[in-house]
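*Asks:* Let me see the structure of the following:
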Amino acid sequence: MDITFTEQDAREVHYPHNNALVVKINCGSTQLWRGLVDNGSAVDILYFDAFKKMGLNESDLKPAAAPLYGFTRDSLMPMGMIELMVSVGTFPRVSSIMTQFLVVDCPSTFNAILGRPTLRELRAVTSIYHLTMKFPTQH
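*Replies:* Predicted coordinates:
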């Protein structure tokens with residue numbers, strides 16, 4: 001299946017822009033707004049504030065062995081990791097996968113970051129110009 005983008009995909013985008021690609025995802029049994037799609041992130045991240053609002057418990061976390069490093073070389077030790085079902089798309093064009101998130105306790109305007117592991121599993125293609133992400137589904 002070929003994935004293409006057309007000008008119709010950009011119909012609601014206001015130009016010029018340098019906006020990040022931010023999506024709504026269903027994560028576990030919760031709908032999360034403000035999920036950052038980050039092709040540069042080697043991991044998927046769930047922020048602790050969203051983790052708490054989802055009704056999850058710290059006892060649900062598995063140990064995470066290594067710190068995270070940003071482009072400034074600052075390090076942050078994750079609280080742990082958790083595997084959750086993630087669904088993206090609009091019915092009937094939805095794709096669902098199990099995603100392993102590192103949970104971090106730091107301030108963010110986002111609830112989660114979808115990094116390369118999830119994007120690869122979804123077989124997603126992103127377009128910043130169109131501010132959209134496309135992926136194959138059964139429909």
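
*Asks:* Please identify which helix or strand holds the residue lying closest to residue 24 once chain neighbours are set aside.
*Replies:* Excluding the flanking residues, the one nearest residue 24 by C-beta to C-beta, 6 or more residues apart in numbering is residue 33, at 5.2 Å. Placement of C-beta: from N, CA and C, glycine included. Using DSSP states H and E, the element containing residue 33 is strand 30-37.

*Asks:* tally of neighbours for residue 95?
*Replies:* Using other C-beta atoms under 10 Å, residue 95 has 16 other residues around it.

*Asks:* Does it touch residue 85 like I think?
*Replies:* No: applying C-beta atoms under 8 Å, one finds residue 95 not in contact with residue 85, separated by 11.2 Å.

*Asks:* Can you point out the buried residues in stretch 75-95?
*Replies:* Residues of stretch 75-95 classed as buried: 78-82, 84, 86, 88-89, 95 (neighbour count, 16 or more other C-beta atoms under 10 Å).

*Asks:* quick one, helices of the protein?
*Replies:* 48-53, 116-122 (DSSP state H).

*Asks:* For the longest one, list the C-alpha coordinates in CSV.
*Replies:* The C-alpha atoms that make up helix 116-122 are tabulated as CSV, following Å, rounded to 0.1, in the frame of the first residue of the first chain:
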residue,chain,number,x,y,z
ARG,A,116,10.4,5.7,16.7
PRO,A,117,9.5,2.3,18.3
THR,A,118,5.7,3.1,18.0
LEU,A,119,6.0,4.9,14.6
ARG,A,120,7.9,1.8,13.2
GLU,A,121,5.4,-0.6,14.6
LEU,A,122,2.5,1.4,13.2
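
*Asks:* Nothing else from me, thank you.
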